[in-house]
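In: Provide a 3D model corresponding to the input given below.
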Amino acid sequence: MDSAKVVVLDIRFPTFPVVELQRHQASVNAIAWTPHSSCHICTANDDSQAIIWDLSSLGQPIEGGLDPILAYTAGAKIEQPQWSSSQPDWVAIAFSNKLQILRV
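Out: Numbers count the residues shown, from 1 in each chain. Predicted coordinates for the structure are as follows:
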């Protein structure tokens, strides 16, 4: 809460973070895991950005932190990302009084 980073934990080892996702400039207020993959997550926040991450490379050394695979800036603070369960290449974001559907 009130942090610009997302800490991903493995519940089998909750005292040690798997990765910290740090590319947002304001507090992260929503996340959504893809229903079709355990390696993709969308984070959204108060800086109007939706960022999609690919965590499949976590078993390899990563210099300088993990880079996102996609970043999108909306017209206002993003409240809720939601992946399509039937169309895995699409994610919906809600902001202000709008809904946008993004192709990944």
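In: Ala74: neighbouring residues, count only.
Out: Close neighbours of Ala74, defined as other CB atoms under 10 Å, add up to 19. All C-beta spots, glycine's among them, are computed from the backbone N, C-alpha and C.
In: show me the contacts for it.
Out: Ser48, Gln49, Ala50, Ile93, Phe95, Lys98, Gln100 (CB atoms under 8 Å, 6 or more residues apart in numbering).
In: Quickly check those residues for the two that are furthest apart.
Out: Greatest spacing in the contacts of Ala74, by CB to CB: Gln49 and Lys98 (15.2 Å).
In: Those two: who's more crowded?
Out: Gln49 (21 against 10).
In: Report the beta-bridge partners for the more buried one.
Out: Gln49 has the following beta-bridge partners by DSSP bridges: Thr73.
In: which stretches of this structure aren't confidently modelled?
Out: 1, 59-64 (pLDDT under 70).
In: returning to that earlier point: filter the contacts of Ala74 to the buried ones?
Out: Among these, the ones that count as buried by 16 or more other CB atoms under 10 Å are Ser48, Gln49, Ala50, Ile93, Phe95.
In: quick one: the second one from Ser27, how far?
Out: This points to Gln49. 12 Å (CB to CB, to the nearest Å).
In: which SS state does Ala4 fall under?
Out: Secondary structure, DSSP: H, G, I helix; E, B strand; the rest coil: Ala4 is coil.
In: Spit out the contact partners of it.
Out: Gln22, His24, Gln25, Ala26, Ser27, Val28, Asn45.
In: Turn the contacts of Ala74 into TSV, including distance to Pro14.
Out: Formatted as TSV, these follow (distance: CB to CB, whole Å):
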residue	distance to Pro14
Ser48	31
Gln49	28
Ala50	27
Ile93	29
Phe95	32
Lys98	37
Gln100	35
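In: Which residues outside stretch 19-32 are in contact with it?
Out: With CB under 8 Å, 6+ apart as the criterion, stretch 19-32 contacts 1-8, 41-47, 49, 51, 53, 55, 58, 62, 65-68, 71, 77-83, 91.
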